[in-house]
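A.B. asks: after the sequence you'll find the predicted model.
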Amino acid sequence: MDTVPASDARITRLARALPLLLAALLALGAVGTVGSAGCDDPARYVSTPDGIALEGGCLKPAEIDPLVGEPSDHDAWSRRG
């Protein structure tokens, strides 16, 4: 009957546990990233006389680039011809 040497058994156990350890480290990294990436003032949609507007959030209107040119330039269906 074949027996596995003790050193091979340790390597086999380590090889089985390694993916679990890696997954746990990645999960801890993800929790840390999400915890530090929060916004203190979440955005919300409100109804205004001009329509629906987005208020609040971490971005200021000056940080968002407006569309340049005709709106149809950015519409894939209008370019199909």
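C.D. replies: Received the coordinates, thanks.

A.B. asks: nearest residue to residue 46 in space, please, no chain neighbours.
C.D. replies: residue 55 (5.2 Å; C-beta to C-beta, 6 or more residues apart in numbering). Every C-beta, even on glycine, is put in place using the N, C-alpha and C of the backbone.

A.B. asks: ok, now residue 52?
C.D. replies: Once flanking residues are discounted, residue 52 sits nearest to residue 45: 5.4 Å by C-beta to C-beta, 6+ apart.

A.B. asks: tally of neighbours for the one you found?
C.D. replies: 10 (other C-beta atoms under 10 Å).

A.B. asks: can you check residue 29 too?
C.D. replies: Counted with other C-beta under 10 Å, residue 29 comes out at 10.

A.B. asks: how about the secondary structure of it?
C.D. replies: helix (DSSP: H, G, I helix; E, B strand; the rest coil).

A.B. asks: next up, the contacts around residue 56.
C.D. replies: 41, 42, 43, 44 (C-beta atoms under 8 Å, 6 or more residues apart in numbering).

A.B. asks: which one of the residues you listed is nearest residue 31?
C.D. replies: residue 42 (19.3 Å; C-beta to C-beta).

A.B. asks: look at the closest one and tell me its secondary structure.
C.D. replies: Three-state assignment for residue 42 (three-state DSSP): coil.

A.B. asks: separation between it and residue 50?
C.D. replies: As judged by C-beta to C-beta, to the nearest Å, residue 42 and residue 50 stand 22 Å apart.

A.B. asks: more neighbours: those two, which one.
C.D. replies: Neighbours per residue (other C-beta under 10 Å) separate residue 42 from residue 50, with residue 42 holding more: 9 against 6.

A.B. asks: distance of the more buried one from residue 58?
C.D. replies: In this view, residue 42 and residue 58 are 8 Å apart by C-beta to C-beta.

A.B. asks: low-confidence ranges in the chain?
C.D. replies: Within the chain, the stretches with pLDDT under 70 are 1-6, 60-81.

A.B. asks: all helices of it, in order?
C.D. replies: 6-36 (DSSP state H).
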